[in-house]
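Enquirer: could you work out the structure for the sequence below:
(2 chains)
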Number of protein chains: 2
Amino acid sequence: MAAAIALAGRTRGLTAPNPNVGCIIVRDGRVIGRGWTQPGGRPHAEAAAIADAGGDIAGSTVYATLEPCAHVSERGPACSDLLAVARPERVVIGAGDPDPRTNGQGAERLRAAGIAVTEGVEAAACRASMAGFLTRLATGRPQVTLKMGLSIDGGLAMDDGRSRWITGPAARAHAHVERARHELILVGRGTLAADAPKLDVRVAGLEARSPRPVLLSAHAEGLPEGWLHIASPNDIASLPGDHLMVEGGAGAAAAFLSADLIDRLAVYRAPILIGAARTLGDIGLTDLLQAHGRWQMVDMRALGGDRLEIYERRRS
Amino acid sequence: MAAAIALAGRTRGLTAPNPNVGCIIVRDGRVIGRGWTQPGGRPHAEAAAIADAGGDIAGSTVYATLEPCAHVSERGPACSDLLAVARPERVVIGAGDPDPRTNGQGAERLRAAGIAVTEGVEAAACRASMAGFLTRLATGRPQVTLKMGLSIDGGLAMDDGRSRWITGPAARAHAHVERARHELILVGRGTLAADAPKLDVRVAGLEARSPRPVLLSAHAEGLPEGWLHIASPNDIASLPGDHLMVEGGAGAAAAFLSADLIDRLAVYRAPILIGAARTLGDIGLTDLLQAHGRWQMVDMRALGGDRLEIYERRRS
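Expert: Have a look, this model is predicted:
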């Protein structure tokens, strides 16, 4: 299942409104097919894996990060029907598909066809691998990641605005790879005016994965060509794509945090002290008690001399 | 040697002006003596370990975190002379003693007595275990640790000064244990006035290890009984003890950082965002380039939902 999750990551940010799914087919201890949701959402991972296996998967075990779909679309047949015909011995499913058109009916159709089904294998990791899709399904809006480059003491920049550089080359390169996993990247009016940022992906081989820039501003005047515009964080539901990265600056970050619309924090932490620094700004907190229990660190890694800290919003 | 270092930690903060040393004596694969520098600095670790072994250590191997001293004092004989008489087979030394009265002469005296000597075993860890002594010897002042309880975004408090609580019970208990490893604890005038802090150690069994409070202030008016006073960070050389913890608030922290008198940062990091927060304040930085290369993370650990990050000042 871990290998299937890795395959699913290949098109994260490219499959909306479909989930990015991974699928591996194993027979006699050998991988005979690998597939993942293709850009644009079709073919689905299972169809791609069956094709990769040459069509014959009889007697195999199929690992899929998401329950195979039960709904026929004009763009292709339902994966559960495909599998019922292809007759693997067993289908191992990571996460159930909460889409009401599937929601257990995919697994049911496989069982009805006499295929063994195991559900819930590495379900949390599978759900995390398609968090954008699940967030859109549950809330109607993209998953939102706030990226910040911070000093030990929380500085986003010196108090005159200088922020080059807080983090080192390894952290900055990683941040570009993170961009490539998002369809949308947002900055506020201040960052647009001050930095005229190029929000593309500057990593060899990933240039084509640059996300669509979005401006958060009360008005759309001076909107660069090709950019999208929203007047308020609450307008993100209208944006195309299931992954939005809030890139800066402090004002945009604070606006999204105040609206409680950040699902994930990616903090690139440099081992420096700035002192008099530009920091986050008001996020609407009136009591320290409110601040607790909202965030949980889920990952941390070294990037050169810096560290990446990933926090997720805890929701009850 | 790791076990000897652990013994050395027992009297960290209690042995100034002597180093806190640990000593283990092994014969035929068994530990026959354990010793550590006693409070006040005497007996030395080696003398304590020989006594613990009942006096007979002939043919043994002695592990000492610091080179045995070569200088006779009115408070006792030189450890290298004691060992030369006691005739272990080998003495394994962690760090060399830079005190000019020893500085290689301890090891030399052992070799002259026909005892095998191995030097430099786990030297870095041994030096770290007596950093206060070594800092005093090299610079004439105590080792200074700055303790900060910080949010993800670097907040020391809300902007109205409220800081209860940023970190949780496990982190606060750990901070009290850290206090017990310091002879001196310092706050600024603002913290004294606002919080009237009790700077004692509130951990069962360690109450007697409470450090001596020090006030950093332009004047000594209103100095609580039993407190010491300095007018500037540059006056710390005069303070008794080799370990000073700067406890707060932001002004005192910034004054010590501006003077480049912090050797070690102990950051208790809570997984919360504060937003409009009280942060460190001006530390004299004029360029981000200056900020780099000064600090290195040397340890990190989880404390409940919080994390302790330890950074050390890199000095060339």
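
Enquirer: tell me the contacts of the one residue in the stretch 1-150 of chain A that gets nearest to chain B?
Expert: Closest to chain B within the stretch 1-150 of chain A is A:L150: 6.8 Å, counting by CB to the nearest CB. Glycine gets a C-beta too; all of them are placed from N, C-alpha and C. For A:L150, the residues meeting the contact criterion (CB atoms under 8 Å, 6 or more residues apart in numbering or on different chains) are A:156, A:166, A:267-270, B:152-154.

Enquirer: which residues does it bridge with?
Expert: On DSSP bridges, the residues paired with A:L150 through beta bridges are A:R269.

Enquirer: quick one, grab the pLDDT at it.
Expert: The predicted structure scores A:L150 at 97 on the pLDDT scale.

Enquirer: distance of it from B:A266?
Expert: Between A:L150 and B:A266 the distance is 18 Å, computed by CB to CB, to the nearest Å.

Enquirer: try A:L289
Expert: For A:L289, the distance to B:A266 equals 25 Å [CB to CB].

Enquirer: just the helices in the stretch 101-250 of chain A please.
Expert: A:105-112, A:123-129, A:131-139, A:169-179, A:189-195, A:250-258 (DSSP state H, counting those that start in this stretch).

Enquirer: take those and lay them out in TSV including distance to chain B, mean pLDDT and mean neighbour count.
Expert: Supplementary listing: these in TSV, determined by distance: least, CB to the nearest CB, whole Å; pLDDT from 0 to 100; neighbours: other CB atoms under 10 Å in any protein chain shown:
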stretch	distance to chain B	mean pLDDT	mean neighbour count
helix A:105-112	36	96	19
helix A:123-129	18	95	18
helix A:131-139	19	95	19
helix A:169-179	12	94	17
helix A:189-195	15	85	17
helix A:250-258	6	96	22
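
Enquirer: same list (those) but as JSON lines, adding distance to A:A276.
Expert: Written out in JSON lines, the entries for these read as follows (distance: least, CB to CB, whole Å):
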{"stretch": "helix A:105-112", "distance to A:A276": "57"}
{"stretch": "helix A:123-129", "distance to A:A276": "38"}
{"stretch": "helix A:131-139", "distance to A:A276": "37"}
{"stretch": "helix A:169-179", "distance to A:A276": "23"}
{"stretch": "helix A:189-195", "distance to A:A276": "19"}
{"stretch": "helix A:250-258", "distance to A:A276": "15"}
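
Enquirer: spell out which parts of the stretch 201-316 of chain A neighbour chain B.
Expert: By the criterion of CB under 8 Å from any CB of the partner chain, the positions of the stretch 201-316 of chain A lying close to chain B are A:254, A:257, A:265, A:267, A:270-277, A:279-285, A:288, A:291-292, A:294-297, A:305, A:307, A:309, A:311.

Enquirer: now do 6 Å
Expert: Contact residues of the stretch 201-316 of chain A with respect to chain B, defined by CB under 6 Å from any CB of the partner chain, are listed as A:271-272, A:275-276, A:279-280, A:282-283, A:285, A:291-292, A:295, A:297.

Enquirer: for ChimeraX, write the select line for the buried members of the residues you listed.
Expert: Taking 16 or more other CB atoms under 10 Å in any protein chain shown as the burial criterion, the selection of buried members of these in ChimeraX is written as:
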select /A:271,272,275,276,279,280,282,283,285,291,295,297
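
Enquirer: let me have the residues of the stretch 201-316 of chain A next to chain B in TSV, extended by secondary structure.
Expert: Rendered in TSV, the data for those read as follows (DSSP: H, G, I helix; E, B strand; the rest coil):
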residue	secondary structure
A:P271	coil
A:I272	coil
A:G275	coil
A:A276	coil
A:T279	coil
A:L280	coil
A:D282	coil
A:I283	coil
A:L285	coil
A:A291	helix
A:H292	coil
A:W295	strand
A:M297	strand
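
Enquirer: show me the shaky parts of chain A.
Expert: Flagging of chain A using pLDDT under 70 yields the residue ranges A:316.

Enquirer: end to end on stretch A:300-315, go ahead and measure it.
Expert: In stretch A:300-315, first residue to last residue: 21 Å (CA to CA, to the nearest Å).

Enquirer: buried ones in that stretch, by neighbour count?
Expert: Buried residues in stretch A:300-315, counting neighbours by 16+ other CB under 10 Å, are found at A:303, A:305-313.

Enquirer: what is the most widely separated pair among these?
Expert: A:G305 and A:R313 (28.1 Å; CB to CB).

Enquirer: ok so, going back, tell me which of A:L289 and B:A266 has more neighbours.
Expert: When A:L289 and B:A266 are compared for neighbours, B:A266 comes out ahead with 19 against 10, by other CB atoms under 10 Å in any protein chain shown.

Enquirer: which helix or strand contains that one?
Expert: strand B:264-269 (DSSP states H and E).

Enquirer: that strand vs helix B:169-179, what angle?
Expert: What separates the directions of strand B:264-269 and helix B:169-179 is an angle of 160 degrees, with axes from the mean of the first three to the mean of the last three CA atoms, to 10 degrees.

Enquirer: name the helices or strands packed onto the following helix or strand past strand B:264-269?
Expert: Taking DSSP H and E as the definition, the helix or strand that follows strand B:264-269 towards the C-terminus is strand B:277-278. Applying 3 or more CB pairs under 6 Å, 6 or more residues apart in numbering or on different chains; DSSP states H and E, one finds that strand B:277-278 contacts no other helix or strand.

Enquirer: quick one: strand B:277-278 to chain centroid distance?
Expert: Remark: strand B:277-278 is offset 29 Å from the chain centroid, using CA atoms, centre = their mean, to the nearest Å.

Enquirer: adjacent strands (with direction) for that strand?
Expert: Strand B:277-278 has these partner strands in its sheet, going by DSSP bridges: strand B:157-158 (antiparallel).

Enquirer: how distant is the strand it pairs with from the center of its chain?
Expert: Relative to the mean C-alpha coordinate of its chain, strand B:157-158 is positioned 29 Å out (CA atoms, centre = their mean).

Enquirer: list of residues touching it?
Expert: Taking contacts as CB atoms under 6 Å, 6 or more residues apart in numbering or on different chains, the residues outside strand B:157-158 that touch it are B:163, B:278.

Enquirer: A:E122 touches A:M1, doesn't it?
Expert: Yes - using CB atoms under 6 Å as the test, A:E122 is close enough to A:M1 to be in contact (4.3 Å).

Enquirer: list residues touching both of the two?
Expert: With contacts taken as CB under 6 Å, 6+ apart, A:E122 and A:M1 have A:G94 as neighbours in common.

Enquirer: before we move on, the earlier item: out of the buried residues of stretch A:300-315, which comes closest to chain B?
Expert: If you rank the buried residues of stretch A:300-315 by distance to chain B using CB to the nearest CB, A:Y311 comes first, at 6.2 Å.

Enquirer: quick check: that closest one is in a strand.
Expert: Yes - counting by three-state DSSP, A:Y311 falls inside a strand.
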